[in-house]
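Visitor: A structural model of the following input is requested.
(chains A and B, ligands or ions: 3)
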Amino acid sequence: MKILTQHIDVPGIETIDVFMKNGGYKAVEKAIKTMTPDEVTEEVKKSGLRGRGGAGFPMGMKWSFLAKPEGVPRYLVCNADESEPGTFKDHYLMMKSPHTLIEGMIVSSFALGANTSYIYVRGELMYVINILEKAIQEAYDKGLLGKNILGSGYDLDLFVQPGGGAYICGEETALLESLEGKRGNPRNKPPFPAVKGLWQCPTVVNNVESIAATSWIVNNGGDAYAAIGVGRSTGTKLISASGHIKKPGVYEIPLGITVEEFIYSDEYCGGIRDGHKLKAVVAGGSSVPILSADNILTTDAGEKRLMTYESLSEGGFATGTMLGSGGFIVMDETTCIVHNTLTFARFYHHESCGQCSPCREGTGWMDKVIKRIETGKGRSEDIDLLVDVAKKIEGNTICPLGDAAAWPVAAAIRHFRDEFEWHITHPEEATKPGAVYMRPGASWSN
Amino acid sequence: MSNIVFPAETLDLIKKIIARYPDGKQKSAILPILHLAQAEWKWCSPAVMDYVATLLSISPIEVYEVASFYTMFHLEPVGEHVIEYCRTGPCCLMGGVEVYDHLKKRLGIQTGETTKDGKFTIKEVECLAACGWGPVFQIREKYYMHLTNEKVDEIIDELSK
Ligand SMILES: Cc1cc2nc3c(=O)[nH]c(=O)nc-3n(C[C@H](O)[C@H](O)[C@H](O)COP(=O)(O)O)c2cc1C
Ligand code: SF4
Ligand code: FES
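Guide: Numbers count the residues shown, from 1 in each chain, chains lettered A, B, ... in the order given. Ligands and ions are numbered 1, 2, ... in the order given. Have a look, this model is predicted:
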């Protein structure tokens, strides 16, 4: 079942003519000509679509919180900052099929009553920004953007805004600060963007994938979307698959397939690269807890784990994780978990905006201590120190980056503590190039 | 430094960019203009940032503050080609560390340095949202993916011509 990527490999799909020949922009016509904004919102609510940026918050509900005071403009801002390590799905979708996002932007802006909308794209993706701007111009030329769209009286201007290289600008309030031309420091909440967002006006921020899905929902109805998936994990999800698999790439899956099928079937990752065994998976981007092969494939209850929000989090942080942004990073038995954790700790240290001391200081500490362990200079008390620092950050910060920094370190120690210990007790061996600790008698899954 | 002036067509574009935002919110154009400035002058010198401030009728400190927050802006002179190399986990899983070592050896410089002939600067950056196509580096707007030692050599040879 493909919704967002059904036509992605059609030659020329990046041009509006080919896109329209393949059914593109039908949702704009249907929404604007035959539905009210509230009816569009109602379908999105019925669909059960949850925000694809990482938090999984129900999209229709978020839309219904938007304040609508008379005479005050409202904004839709698309979050295309995509900087969570392991995640590259929005990049893929925008680069291959820019009109899929633009169509969703028009439908969603109409539903929210926004007359100006922005797509905030990370600055590194300047070539994608160029692709989007070209596609937006095509949409203006066809009367799908601008004044009086399709003769309906509805006006919408759509602009692309580049970022400048800062992961924190993916956090929605930091993104709004950045769009206002400031440093990307997250705001205290409340007030929430739905009440005071961009330039203090009511604003909805949604991920690329969430917005892109609204066109299909308008065309086919919320119920049809909700019929795909399992329970509260409805519809399809783009998964960015990287690491030691045969076929890295972006896959659109119906939510609810098993993790095992996703990793091993030829339709998706195609299994672990030749001759190797699965050791660990980070299922939802660098922020979510890493799991060992056993825990990712099977829940505590002995059931096969599914690619859904609920199943991946089953067992809490003891044995579970999160679907997050769908950045699925696969590691085989040649992976040094300590080194991988170091790159994540270094990442969060680098990306902390520095506003709150637990995050600013804590991420620095974790980076420094893991670096010490990785380079064979660790001390026996360092592991507990890391656990302690992670605990002190968690829940004590303005924005969730603090938690996002703490969880991967805490989880790596929870599931792979012996690797950290081995690095400390065997500094000479641990620092040899390519050194990897093999748990005695370990039988990583096939 | 009176020679810091955008070409006429860039100034036109800047007018259009400022028109994307409501009246009085022209400060929002700061990141787009800094990108244009860096494309024009390779790095954001204080004189360039002062010029950007005058274009937006804001104080220079507002531009310094922003330019120093975002990692894409070079606040020091850089070489002709700035190679921004991804150092984050997923790229490392694909051999990113080894390929980076090769690149450093090939150019004879360390992270943050520029080759003596002024051709290349290397910088380490965090995840470029291309993790499944790693190892990855970026030179200006172009992504170079699935890097190997051989590929790196070819790219450097090509750019050295
Ligand atoms: C540190 C941090 C980084 C984030 N990065 C992104 C991002 O790159 N893209 C994204 O869509 N959401 C990101 N988010 C989540 C956003 O704050 C927000 O929840 C999301 O854009 C809402 O859209 P959605 O409901 O459609 O998912 C990030 C959150 C945090 C705390
Ligand atoms: S948690 Fe970190 S990134 Fe978030 S506001 Fe505080 S210092 Fe900044
Ligand atoms: S880790 Fe290198 S692009 Fe994401």
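Visitor: Nearest to chain A: which residue in chain B?
Guide: In chain B, no residue comes nearer to chain A than residue B:70, which is 2.8 Å away by CB to the nearest CB. Yep, even glycine has a C-beta here, placed from its N, CA and C like the rest.
Visitor: give me the number of residues near that residue?
Guide: Residue B:70 has 20 neighbours, counted by other CB atoms under 10 Å in any protein chain shown.
Visitor: Roughly how far does it sit from residue B:98?
Guide: For residue B:70, the distance to residue B:98 (CB to CB, to the nearest Å) stands at 30 Å.
Visitor: Can you read off the pLDDT for residue 151?
Guide: In the absence of a named chain, this looks at chain A. At residue A:151, the pLDDT value in this model is 94.
Visitor: should've been chain B
Guide: Listed pLDDT for residue B:151 reads 98.
Visitor: Not counting sequence-adjacent ones, nearest residue to it?
Guide: Leaving aside its sequence neighbours, residue B:151 sits nearest to residue B:144 (CB to CB, 6 or more residues apart in numbering or on different chains; 7.4 Å).
Visitor: quick check, stretch A:281-290 touching chain B?
Guide: Yes - if you take CB under 8 Å from any CB of the partner chain as the test, stretch A:281-290 does meet chain B, through A:282, A:286.
Visitor: for that stretch, how far is the first residue from the last?
Guide: Taking CA to CA, to the nearest Å, the first and last residues of stretch A:281-290 lie 6 Å apart.
Visitor: any idea of the mean pLDDT in it?
Guide: Taken as a whole, stretch A:281-290 has a mean pLDDT of 97.
Visitor: touching ligand 2 at all, it?
Guide: No - Stretch A:281-290 does not reach ligand 2 (CB under 6 Å from any ligand atom); its nearest approach is 12.0 Å.
Visitor: Distance from that stretch to the middle of the chain?
Guide: 11 Å (CA atoms, centre = their mean, to the nearest Å).
Visitor: What segments of chain B are helices?
Guide: Remark: helices assigned in chain B by DSSP state H are B:8-18, B:30-41, B:46-56, B:60-69, B:89-93, B:96-107, B:149-160.
Visitor: now for those, which one comes closest to residue A:32?
Guide: Among the helices of chain B, the nearest to residue A:32 by CB to CB is helix B:8-18 (26.2 Å).
Visitor: now the closest one and helix B:46-56, what's the angle there?
Guide: Using axes from the mean of the first three to the mean of the last three CA atoms, to 10 degrees, the direction of helix B:8-18 lies 60 degrees away from that of helix B:46-56.
Visitor: Using CSV, please lay out the helices of chain B together with mean neighbour count and distance to residue A:73.
Guide: Listed next are the helices of chain B as CSV, based on neighbours: other CB atoms under 10 Å in any protein chain shown; distance: least, CB to CB, whole Å:
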stretch, mean neighbour count, distance to residue A:73
helix B:8-18, 13, 17
helix B:30-41, 21, 21
helix B:46-56, 18, 22
helix B:60-69, 18, 24
helix B:89-93, 29, 40
helix B:96-107, 18, 45
helix B:149-160, 14, 46
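Visitor: per-residue pLDDT, the closest residue to ligand 3 within chain A?
Guide: Nearest to ligand 3, among the residues of chain A, is residue A:85, at 5.1 Å (CB to the nearest ligand atom). pLDDT, residue A:85: 98.
Visitor: How much space separates it from residue B:130?
Guide: Separation of residue A:85 from residue B:130 (CB to CB) stands at 11 Å.
Visitor: So for those two, which sits in the more crowded spot?
Guide: Set residue A:85 next to residue B:130 and count neighbours by other CB under 10 Å: residue A:85 wins out with 30 against 25.
Visitor: show me the contacts for that one.
Guide: A:285-286, A:327, A:329, A:343-344, A:347, B:88-90, B:126-127, B:131 (CB atoms under 8 Å, 6 or more residues apart in numbering or on different chains).
Visitor: Specify which member of the residues you listed is nearest to ligand 2.
Guide: Nearest to ligand 2 out of the contacts of residue A:85 is residue A:347 (CB to the nearest ligand atom; 12.1 Å).
Visitor: can you confirm residue A:78 is in a strand?
Guide: Yes - assessed with DSSP: H, G, I helix; E, B strand; the rest coil, residue A:78 lies in a strand.
Visitor: Helix or strand for the nearest residue to it once chain neighbours are set aside, just tell me which one.
Guide: Computed as CB to CB, 6+ apart, the closest residue to residue A:78 that is not its neighbour in sequence is residue A:119, at 4.3 Å. When elements are assigned from DSSP states H and E, residue A:119 belongs to strand A:116-121.
Visitor: Skip the chain neighbours and tell me the closest residue to the residue most central in space within chain B.
Guide: For chain B, the residue nearest the mean C-alpha position is residue B:72 (4.8 Å; CA atoms, centre = their mean). Distance criterion CB to CB, 6+ apart; nearest residue to residue B:72, sequence neighbours excluded, is residue A:165 at 3.6 Å.
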